[in-house]
Every structure is written in structure tokens, then in C-alpha cells.
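*Asks:* need a structure here:
(one chain, ligands or ions: 1)
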Amino acid sequence: MTPYEKLQHCLACVREKTDFVPDVALILGSGLGALADEIDAVATVDYHDIEGFPVSTVAGHKGRFVFGYINDVKVVIMQGRVHYYEGYPIEDVLLPTRLMRLMGAKVLFLTNAAGGVNKYFNVGDFMIIRDHIMSFFPNPLIGPNIDEFGPRFPDMSHCYDPELCNIIRDTAARLNIGVREGVYLQFTGPTYETPAEIRMAALLGADSVGMSTACEAAAANHAGMRVCGISCITNLAAGISPVPLDHKEVAETANRVAPYFRQLVKESITAIGKAL
Ligand code: HPA
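*Replies:* Sure, this is the predicted structure:
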């Protein structure tokens, strides 16, 4: 089976459960999954019920698509994502993003928990992702090009759609929620970075670091989706933070700021829906 045939098969599995056609796809990062429980859901599909679908092994990541409405906007939400460090081939890490494209989504809204590299950032800040650095991660589009999605050599000049970034910024201002803007750097994980790697990331122009997102953004951009995203700065990155990093701190911060995060994401998607 080619990757595209596998995707068609996954789509058929989803279509057995729902014929809902979303406009916006939303991927929820660590500790941010509760948003999916708050929307007007019309259907859910467990990843387990989609043959060939990669299922996350990380504790705290649920594994299902939630279909429904955020205000009037038709969304599909991934409650739990898969990461490259779990050992899946990169096509499998990209499969959910591409599947949501095939379901009909025109916009991909990415969220993640990230370490703060920019020295002016504080724990609990939100950062609109304006661009990314993926040079320390195998390029996810290596391999035969899937011509059905897009070209062999995709342009990445506006991977994060400037209009959508501005909508998030304006929405945050309206809600009185402070936001930063910056560049996200994706490492593979699963180790957190060394202090030297974080100094390098800062020198290269990164503002936040994490283990997801850029590869999904690249695949979505290749497939003609408009992309935007927000990092939740759950900790200061290694060497900046005075304490050792651990997943518990990441989860605790994400939980603490989750109500603001959910409000920002929901209101941004509402505004994006109006602009489509
Ligand atoms: N580094 C990498 N990934 C992360 C971090 C970090 O500091 N925090 C949350 N995800």
C-alpha cells in the first residue's frame, strides 16, 4: 500500500463513523486536551478504530478525533498526537495531519507545550508561532512525493499564515491575554535539551523549543493548508531554568494556564472561521 492508499483507507474508516466535513483542524498539545471536552461535539472517533493509525504511547495523551462546532466553525480536534520520538516512521507521524486534510480541513491550528528560550519569556506565556526551525529533525517530506497533496519542493516562506497569526494576535488583545510571537525550534526528543543546545538554539534565533509541530506544519503546508499555531511556554529551557526539567512541571504549567489557553484558541478559531 502506498502512503496515499493507506490514508484513503483511514479516511474510509472515519467515514464509516461520521461524514462531518471540518473547516479547521486543531491539534492539542500536552496538558491542553481538555478543550475538546468543552465543544459541541457531534461525533468522536478513537484512533484505535482507524486501521493503521498511529496511537500515542505518552501518558496523558488521549487518542481520538472529536468532531463538532466551536461557535459556528466546523472543527476536527486531535485529542492527543503522536511524536517521532515514540518510534513511528515519519509518515505515520504526519498521517493524522494529512488525514484531516482529506476530511476537508482547510486550516491547521497547532498547539504545543514548549520550553522558553527567549530570555524575556516567562513560564505560562503563550507564543504565536511565526516561523520554525526544523533543521535538527529529519525533513518529514523525504521520500517519494505524494503528488496528490502538493509539489516536490514546497515553498516555506509563509508556512505560518500571516493573516491567521494576526487574527490570533488581535483576538488575544481583545481578550486581554498577553501573547508573545516567535520562532519554534523542533528537536526530536525524547531527551530535553542540554544547556549548550539551548544556547545554540538562542543563537540561531529560536524563541521556544519542543518535540512536535514543525513537521506537522510542513506537511500541512505541503498539502495546501493554511497553518497557525501557539506554544504554551510550560518551562524555561535547560540552562535558563534553575531547576531540572521534568514532564510534571510541563503538565502542571499547562494545566494552570489551560483556561486562558482554551479561551484564546476557541475565540481565535471563531474569528478564523469568519475570515475563511
Ligand atoms: N524542551 C523540549 N520540549 C519541551 C520542553 C522543553 O523544554 N517543554 C515542553 N516541551
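*Asks:* Check the burial of the residue of the stretch 51-200 of the chain at minimum distance from the ligand by counting its neighbours.
*Replies:* When scored by CB to the nearest ligand atom, the stretch 51-200 of the chain has G115 as its residue closest to the ligand, at 2.2 Å. For every residue, glycine as well, the C-beta is placed using N, CA and C. G115 has 28 neighbours, counted by other CB atoms under 10 Å.
*Asks:* hey, C-alpha coordinates of the helix or strand where it lies in PDB?
*Replies:* In the assignment (DSSP states H and E), G115 maps to strand 107-116. What follows is strand 107-116, C-alpha atoms only, in PDB (Å, rounded to 0.1, in the frame of the first residue of the first chain):
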ATOM      1  CA  VAL A 107      -6.800  25.300   8.200                       C
ATOM      2  CA  LEU A 108      -4.400  23.500  10.700                       C
ATOM      3  CA  PHE A 109      -4.300  25.100  14.100                       C
ATOM      4  CA  LEU A 110      -1.300  23.700  16.100                       C
ATOM      5  CA  THR A 111      -0.700  23.900  19.800                       C
ATOM      6  CA  ASN A 112       2.100  22.600  21.900                       C
ATOM      7  CA  ALA A 113       3.900  22.700  25.300                       C
ATOM      8  CA  ALA A 114       7.300  24.200  24.800                       C
ATOM      9  CA  GLY A 115      10.400  25.300  26.600                       C
ATOM     10  CA  GLY A 116      11.100  29.100  26.600                       C
END
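*Asks:* Partner strands of it, with direction?
*Replies:* Sheet partners assigned to strand 107-116 using DSSP bridges are listed as strand 24-28 (parallel), strand 208-210 (antiparallel), strand 226-236 (parallel).
*Asks:* Return the set of buried residues in the helix ranked longest in the chain.
*Replies:* As assigned by DSSP state H, the longest helix anywhere in the chain is helix 247-275. By neighbour count on 16 or more other CB atoms under 10 Å, the buried set for helix 247-275 is 247, 249-251, 253-254, 257-258, 260-262, 264-273.
*Asks:* How about stretch 112-120?
*Replies:* Using 16+ other CB under 10 Å as the test for burial, stretch 112-120 gives 112-118.
*Asks:* one step back: got the angle between the strand holding G115 and helix 247-275?
*Replies:* Interaxial angle, strand 107-116 versus helix 247-275 (axes from the mean of the first three to the mean of the last three CA atoms, to 10 degrees): 150 degrees.
*Asks:* ok now strand 107-116, how far from the chain's centre?
*Replies:* For strand 107-116, the separation from the chain centroid amounts to 5 Å (computed by CA atoms, centre = their mean, to the nearest Å).
*Asks:* and what of stretch 198-205?
*Replies:* In terms of CA atoms, centre = their mean, the centre of stretch 198-205 is set 22 Å apart from its chain centre.
*Asks:* Report whether it contacts the ligand.
*Replies:* No. Applying CB under 6 Å from any ligand atom, one finds stretch 198-205 separated from the ligand by no less than 8.0 Å.
*Asks:* got the contact list for that stretch?
*Replies:* Here stretch 198-205 makes contact (CB atoms under 8 Å, 6 or more residues apart in numbering) with 115, 117-119, 133, 183, 185, 193, 209, 237-240.
*Asks:* Please produce JSON lines containing the buried residues of stretch 112-120, extended by pLDDT.
*Replies:* Below are the buried residues of stretch 112-120 laid out as JSON lines (pLDDT from 0 to 100):
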{"residue": "N112", "pLDDT": "96"}
{"residue": "A113", "pLDDT": "94"}
{"residue": "A114", "pLDDT": "96"}
{"residue": "G115", "pLDDT": "97"}
{"residue": "G116", "pLDDT": "97"}
{"residue": "V117", "pLDDT": "98"}
{"residue": "N118", "pLDDT": "98"}
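*Asks:* just curious, which of those is nearest to F153?
*Replies:* For the buried residues of stretch 112-120, the closest approach to F153 (CB to CB) belongs to N112, at 26.5 Å.
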